[in-house]
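Participant: attaching a predicted model along with its sequence, questions to come.
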Amino acid sequence: MKQFAEQKFNIPALKGISAKNIEEHLKLYAGYVKNANAVLEKIEEYRKDSERNTLALAELQRRFAFEFDGMRNHEYYFRSLEGGSTPLATGGVLQKVIEEEWGSFDKWLAIFKSIALTRGIGWAVLYWDPQTKQLLRQWIDEQHLGHLNGLPWILGIDMWEHAFVYDYQPSGKKNYIEDFFQNLNWGVIERNFTEATK
């Protein structure tokens, strides 16, 4: 069985989000990679006597989605912060699609930020639906509950407390969201969109 590899990210100094916060957040990401591998190994081990290990296998299968999605979600998140802040290309395809669907980029952004403020732990995600050729916004509980099946991920913001409490305190959620978008490399997001719409 192939092992999942921990990715490395080149994240510059960020506005509002400290290097220490990123350092600790990356350790948490590394834990998801390690645990995703460990869960798969345990599944293979327990399958040798699957009848005896039925309950344990069921729980491990459930746990795998949490660990795997935690790993992948963070990879999208950290990649979107690499290379420094860059604006969305004016007149680019992604901007046009957003404006066609929501009237303006600012209107879409306000809605997306409001999704990020959903009470609880999770992620605000922008997907592309290749069947209907539209962007869809979604709240993901934890790391894995509510993912839209088969849709490529365009953009996501981590809204677990570990992503912002160190720098912003619990009451600073809104400020964290604002700073995330100030730090976002829209070139990465546009590449995600280009790949999704091929």
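Facilitator: That came in fine, so what should we check first? Residues are numbered from 1 along each chain as shown.
Participant: secondary structure element for the residue positioned nearest the centre of the chain?
Facilitator: The centre of the chain sits closest to N73, judged by C-alpha atoms, centre = their mean, with a distance of 3.3 Å. Assigned by DSSP states H and E, N73 belongs to helix 54-79.
Participant: got the buried residues for that helix?
Facilitator: 57, 60, 63-79 (16 or more other C-beta atoms under 10 Å). Using the backbone N, CA and C atoms, a C-beta is placed for each residue, glycine as well.
Participant: about what we covered before: any idea how far the residue nearest to the centre of the chain is from W153?
Facilitator: Noted for N73: a distance of 8 Å to W153, by C-beta to C-beta, to the nearest Å.
Participant: cool, W128 as well?
Facilitator: As judged by C-beta to C-beta, W128 and W153 stand 8 Å apart.
Participant: tell me how many other residues surround S80.
Facilitator: Using other C-beta atoms under 10 Å, S80 is surrounded by 23 other residues.
Participant: so what's it up against?
Facilitator: The contact partners of S80, by C-beta atoms under 8 Å, 6 or more residues apart in numbering, come to 155-156, 184-185, 188-189.
Participant: the residues you listed: which two are farthest apart?
Facilitator: Farthest pair in the contacts of S80 (C-beta to C-beta) is G156 and N185. Separation: 13.4 Å.
Participant: okay, those two: which has more neighbours?
Facilitator: Taking neighbours as other C-beta under 10 Å, G156 and N185 compare with G156 leading, 23 against 19.
Participant: centre of the chain to the longest helix along the chain, how far?
Facilitator: For the chain, the longest helix by residue count, based on DSSP state H, is helix 19-47. Offset of helix 19-47 from its chain centre (C-alpha atoms, centre = their mean, to the nearest Å): 15 Å.
Participant: buried sites along that helix?
Facilitator: By 16+ other C-beta under 10 Å, the buried positions in helix 19-47 come out as 21-22, 25-26, 29, 32-33, 35-37, 39-40, 42-43, 46.
Participant: now the terminal residues of stretch 101-120, how far apart.
Facilitator: End-to-end span of stretch 101-120 (C-alpha to C-alpha, to the nearest Å): 27 Å.
Participant: quick one: buried residues of that stretch?
Facilitator: Within stretch 101-120, the residues that count as buried by 16+ other C-beta under 10 Å are 102, 108, 112-113, 115-116.
Participant: can I get these in JSON lines with distance to E195?
Facilitator: Listed next are the buried residues of stretch 101-120 as JSON lines, based on distance: C-beta to C-beta, whole Å:
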{"residue": "W102", "distance to E195": "22"}
{"residue": "W108", "distance to E195": "20"}
{"residue": "F112", "distance to E195": "20"}
{"residue": "K113", "distance to E195": "25"}
{"residue": "I115", "distance to E195": "23"}
{"residue": "A116", "distance to E195": "23"}
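Participant: of those, closest to I140?
Facilitator: Taking C-beta to C-beta as the measure, I115 is the one of the buried residues of stretch 101-120 closest to I140, at 10.0 Å.
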